[in-house]
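> Give me coordinates for this.
(4 chains)
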Number of protein chains: 2
Amino acid sequence: MDINLAPQLDRRFAALADPVRRAILTRLAQGEATVGELGKPFGISQPAISKHLKVLEMAGLIEAGQAGAARPRRLKPEALRETEQWLAGLHALWVDSFDRLDAVLAQLQQPDPQG
Amino acid sequence: MDINLAPQLDRRFAALADPVRRAILTRLAQGEATVGELGKPFGISQPAISKHLKVLEMAGLIEAGQAGAARPRRLKPEALRETEQWLAGLHALWVDSFDRLDAVLAQLQQPDPQG
DNA sequence: TAGATATATAACCATATGGATATATTCCGG
DNA sequence: CCGGAATATATCCATATGGTTATATATCTA
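Next comes the predicted model:
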């Protein structure tokens, strides 16, 4: 029950690797927006934006609503949190290994003080 | 002084999007390791591992030392921290927008109580 | 039901990515 | 200086990605 979430992590990090998609997420962090609104800041076509949105959706980072003909997107912050947590986990692992190293060094400095 | 670090963020997230590379980082979080050691868990060739390591290096996530003919890799945790911070920033932005929404809703519930 | 607006899908192209095998490079011991 | 071990680079291949234009769908409104 860990190997199976790897693909989703793959998709999430891959989705975050594109500056257009990060900008879209930043925009959505301030509230939902339509495809047209999301596309305006970029000099690329509407289908290109729709593709980016699909990537973000497949990664679970956003979802679509329905408002007339429009399909406003909103953030799915749980996904964001899970991604943060992978990094935090790695960080913790690293810190732990340093704690252990510190312990070893402290031990070396006070070698067997009381028998 | 913000648009120029986007490529590095691109590389960092892209580097994190591969399960082999994430496993390598996890291994390195516990201490430095040689290319041979890093490759053992995976059923792929040594050049493939070297390529992954190059991707991680270009992303600034790891660096190489020198120990005889070996070039042990170690984590560069600053890069990790910076990546975490981008996500944290997005998260904060999102939380802020909710705080503002809450304020608006509270305002609506108590419309102009004392003139 | 026809038009307009908003979005999605299809088909195509160029470049990037992850893998392989073969070969080059680097460093140490003798 | 030579051989072996560790790693890097070159080349090649298949698939993925990000963009394009053209076209299809869907939803409201007249």
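> Close to chain B: what parts of chain A are there?
A:6, A:9-14, A:16-19, A:22, A:25-26, A:29-31, A:75, A:77, A:80-81, A:83-84, A:86-88, A:90-91, A:93-94, A:97 (CB under 8 Å from any CB of the partner chain). To be clear about C-beta, it is placed using only N, CA and C from the backbone, and glycine gets the same treatment.
> All the strands of chain A, in order from the start?
Residue ranges of the strands in chain A, as given by DSSP state E, are A:62-64, A:73-75.
> Quick one: closest of these to B:Gln46.
strand A:62-64 (39.3 Å; CB to CB).
> Of all the residues in that closest one, which ones are buried?
The neighbour-count criterion (16 or more other CB atoms under 10 Å in any protein chain shown) identifies A:Ile62 as the buried residues of strand A:62-64.
> Likewise for stretch A:67-87?
Of the residues in stretch A:67-87, those with enough neighbours to count as buried (16+ other CB under 10 Å) are A:72-73, A:75-77, A:79-80, A:83-84, A:86-87.
> Name the nearest of the residues you listed relative to DNA strand D.
Using CB to the nearest atom of the strand, A:Pro72 comes nearest to DNA strand D of these, at 12.4 Å.
> Touching, that closest one and A:Gly36? I think so.
No - with contact defined as CB atoms under 8 Å, A:Pro72 and A:Gly36 do not form a contacting pair (10.1 Å).
> quick one, what contacts A:Gln85?
A:Gln85 sits next to no residue when contact means CB atoms under 8 Å, 6 or more residues apart in numbering or on different chains.
> Now do the contacts for A:Gly31.
A:Gly31 sits in contact with A:74, B:97, where contact means CB under 8 Å, 6+ apart.
> again, only this time at 7 Å
Contacts here follow CB atoms under 7 Å, 6 or more residues apart in numbering or on different chains; on that basis A:Gly31 touches B:Ser97.
> What are the phi and psi values at it?
Comment: the main-chain dihedrals of A:Gly31 come out as phi 130, psi 160, following degrees, to the nearest 10.
> Also near DNA strand C: which of the buried residues of stretch A:67-87, exactly?
When contact is defined as CB under 7 Å from any atom of the strand, the buried residues of stretch A:67-87 meet DNA strand C at A:Pro72.
> thinking again about what came up before, how about CSV for the strands of chain A, with mean pLDDT added?
Converted to CSV, those look like this (pLDDT from 0 to 100):
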stretch, mean pLDDT
strand A:62-64, 97
strand A:73-75, 96
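> Those into CSV, with extra columns for distance to B:Ile62?
Output for the strands of chain A, formatted as CSV (distance: least, CB to CB, whole Å):
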stretch, distance to B:Ile62
strand A:62-64, 31
strand A:73-75, 31
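> contacting residues around the residue nearest the centre of chain A?
Central residue of chain A (CA atoms, centre = their mean): A:Thr83, 4.1 Å from the mean position. With contacts taken as CB under 7 Å, 6+ apart, A:Thr83 has the following neighbours: A:12, B:87.
> And the lowest-mean-pLDDT helix or strand in chain A, how far out from the chain middle?
The least trusted helix or strand in chain A, going by mean pLDDT, DSSP states H and E, turns out to be helix A:77-109, with a mean of 82. Centroid separation for helix A:77-109 versus its chain: 19 Å, with CA atoms, centre = their mean, to the nearest Å.
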